[in-house]
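A.B. asks: Mind folding the following:
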Amino acid sequence: MPKADDKLDFEEDIPTGVATTGEDDASAHKEGVVQLGGSMYAVGLMWQPLQDPDAPLPEIKVMAESDPDLNLYCLVPGVAPQYGLGRKKDKLTVGMPVLAASLASYFVEEPSICGVFKLEEGWWFITIRNNLIMGEKDVLYKDEEEAKEAFKAVLKIPDWNKKFAPADWEIPETTPLDLEEIIGDMRKIRLTEITTVKRTRVLIGVIVAIVALVIFAAVNFVSYLNSLDVKVEKEILPVVVPVKKMHEEVKNPWTKRPQTDAFISKCWNNIFMVQSVIIPGWKLGDLVCTPQELTLQWTATGKGRNMVILENALASYKLETASIKMSETGNTATGSIKFTNLPYVDISSSLEAGQLQHELLDFQQGTGLPITFKKENMSVVTELGSSPDKNVVRNYVYFTFDAPSEYSPWEWLQFFNKFDGLELKKITYRPDLPAGSPGKWHYEGRIYAN
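C.D. replies: Numbers count the residues shown, from 1 in each chain. The predicted model follows:
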């Protein structure tokens, strides 16, 4: 969990783990090949959290179609499933093992590691945070000093389980690790061709069509049977009148909340996709995620103000599902992308109101982060009386939280998972602010007491 004095020196203007666009530094390769233990390994893939581990192929296909050169992928199962995308033009081949994925599988019991490893091809820099390979932190550097600076910037984030660096760097609290010594014990996760994804989707389409035909035939057969002149005696069922419970106790007024990790992944991936859209004459505004949708806003900067330009741009980036509305003046356009299949879990809380308030105060004072908590009450009828004035009413307590931050949701995950009664209700991302700005991200939610 970040602390107030921790400053991230990441260069990118979007959250760690989201791939950027633009030209790479001449000395750093985002993709490439290294040799270890007599085998060639792929490094520097574009990494993304996996929203639906049970059906990963549609996600991979959508992301791959955003760049025609992305033609290889690999899947990383585990606590935080994700996938990586690569390009054959960077000398990557089908069946080649992926070094970051193999290392993540090896250190599966250590959710957060970072390191630089000296290889024949250069200095390989990797970070794995909360079991996720970070997208912009899987880089092969030619220049040692650049690798060292990138590594030092990551060290400013606290709570790493393991930190690896060359011994001659003499960086405190780091240990050297020779990948040659452990490469034989790593699980080899290999690259697959994207066309396999497309063929699989065609096969799924054929199966769906066959199922549809079977259902169509069954429906027509049932209609035929119903058309026959057959009398059916309907059984008369007794009418059951429910007895009103006069002392029904309501133990917990809270219902369900979206699963936090899944909500963050859904928001994160869609923000990445929207930022990839380049629309001449329009500037992207704040992106706001709720469990229901991602809301979007564009402002005309000059010769834009054309709905067709927006619609064509979104369609070309496979975002045609975004519903867009133009303002009456034509100066702004708003839209939304609906979130579907987001899992929900029961809300429960193990802390009484007083205990929870004490925990929140300790957290606020211990971190010094600009997060504010506000105590709220909810009156609920817990026992029904013979008349409304005889109902038993209980006050339930929850705390709202409001946190502007320069840190991405994955750096805040430790706080979000700290309280079992925490519900993350809104994530706001401001693309126009530079990296490291306190309001780059904004989090709002509730923490329920027992």
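A.B. asks: so is residue 54 in a helix, a strand, or just coil?
C.D. replies: Secondary structure state of residue 54, per DSSP: H, G, I helix; E, B strand; the rest coil, is coil.
A.B. asks: Now for residue 108, how many residues are close by?
C.D. replies: By other CB atoms under 10 Å, 13 other residues sit near residue 108. Using the backbone N, CA and C atoms, a C-beta is placed for each residue, glycine as well.
A.B. asks: and it, how far is that from residue 399?
C.D. replies: Computed as CB to CB, to the nearest Å, the residue 108 to residue 399 distance reads 34 Å.
A.B. asks: repeat for residue 113
C.D. replies: Taken as CB to CB, the span from residue 113 to residue 399 is 33 Å.
A.B. asks: ok, now residue 89?
C.D. replies: Per CB to CB, residue 89 is found 52 Å from residue 399.
A.B. asks: which of the two has more neighbours?
C.D. replies: Neighbour comparison, residue 89 and residue 399: the larger count goes to residue 399, with 22 against 9 (by other CB under 10 Å).
A.B. asks: Distance from the chain centre to the host helix or strand of that one, please.
C.D. replies: Assigned by DSSP states H and E, residue 399 belongs to strand 392-405. Offset of strand 392-405 from its chain centre (CA atoms, centre = their mean, to the nearest Å): 25 Å.
A.B. asks: just stretch 386-400 next, same as before
C.D. replies: Averaging C-alpha positions (CA atoms, centre = their mean) puts stretch 386-400 37 Å from its chain's average.
A.B. asks: Ok, stretch 180-196 next?
C.D. replies: 24 Å.
A.B. asks: in the stretch 1-150 of the chain, which spans are helices?
C.D. replies: 56-64, 99-106, 144-155 (DSSP state H, counting those that start in this stretch).
A.B. asks: Switch these over to JSON lines; also include mean pLDDT and distance to residue 256.
C.D. replies: Below are the helices of the stretch 1-150 of the chain laid out as JSON lines (pLDDT from 0 to 100; distance: least, CB to CB, whole Å):
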{"stretch": "helix 56-64", "mean pLDDT": "81", "distance to residue 256": "24"}
{"stretch": "helix 99-106", "mean pLDDT": "91", "distance to residue 256": "31"}
{"stretch": "helix 144-155", "mean pLDDT": "90", "distance to residue 256": "36"}
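A.B. asks: after the least confident helix or strand in the chain by mean pLDDT, next one along is what?
C.D. replies: The weakest-scoring helix or strand in the chain, judged by mean pLDDT, DSSP states H and E, is helix 194-227 (a mean of 46). Scanning forward in sequence from helix 194-227 by DSSP H and E, the next helix or strand is strand 256-258.
A.B. asks: Distance of residue 88 relative to residue 193?
C.D. replies: Distance from residue 88 to residue 193, by CB to CB: 9 Å.
A.B. asks: Check residue 167 too.
C.D. replies: As judged by CB to CB, residue 167 and residue 193 stand 40 Å apart.
A.B. asks: ok, these two, which is more surrounded?
C.D. replies: Shown here are residue 167 and residue 193; by other CB under 10 Å, residue 193 has more neighbours (15 against 11).
A.B. asks: show me what contacts residue 96?
C.D. replies: Neighbour list for residue 96: 33, 40, 41, 42, 190, 191 [criterion: CB atoms under 8 Å, 6 or more residues apart in numbering].
A.B. asks: Double-check the second one against residue 33; I have them as touching.
C.D. replies: Yes - between residue 40 and residue 33 a contact is recorded at 5.2 Å, counting by CB atoms under 8 Å.
A.B. asks: what about the two, which has more around it?
C.D. replies: Between residue 40 and residue 33, residue 33 has the larger neighbour count (other CB under 10 Å), namely 18 against 14.
A.B. asks: quick one: contacts for that one?
C.D. replies: Taking CB under 8 Å, 6+ apart, we find residue 33 in contact with 40, 41, 42, 43, 90, 91, 92, 96, 121.
A.B. asks: likewise residue 119?
C.D. replies: 34, 35, 36, 140, 179.
A.B. asks: how is this protein carved up into domains?
C.D. replies: What automatic domain parsing lists as the domains of the chain is 28-195, 277-338, 343-448.
A.B. asks: hang on, the earlier thing: and which of the contacts of residue 33 is nearest to residue 375?
C.D. replies: residue 43 (49.4 Å; CB to CB).
A.B. asks: I'd like to know how many residues surround the closest one.
C.D. replies: Residue 43 has 25 neighbours, counted by other CB under 10 Å.
A.B. asks: May I ask which helix or strand encompasses residue 270?
C.D. replies: Using DSSP H and E, residue 270 sits within helix 260-275.
A.B. asks: Point out the other helices and strands that that helix packs with.
C.D. replies: On a contact count with 3 or more CB pairs under 8 Å, 6 or more residues apart in numbering; DSSP states H and E, helix 260-275 meets strand 46-49, helix 56-64, strand 287-289, strand 293-300, helix 409-416, strand 422-429.
A.B. asks: quick one: low-confidence ranges for the chain?
C.D. replies: Applying pLDDT under 70 to the chain flags the ranges 1-31, 135-136, 196-253, 276, 278, 302-322, 382.
A.B. asks: In this structure, which residue is most central in space?
C.D. replies: residue 265 (1.3 Å; CA atoms, centre = their mean).
A.B. asks: Next one: it relative to residue 129, how far apart?
C.D. replies: 14 Å.
A.B. asks: Show me where the stretch 1-150 of the chain has its strands.
C.D. replies: Ranges of strands in the stretch 1-150 of the chain, per DSSP state E, counting those that start in this stretch, are 28-29, 32-36, 39-43, 46-49, 72-76, 82-86, 113-119, 122-129, 132-141.
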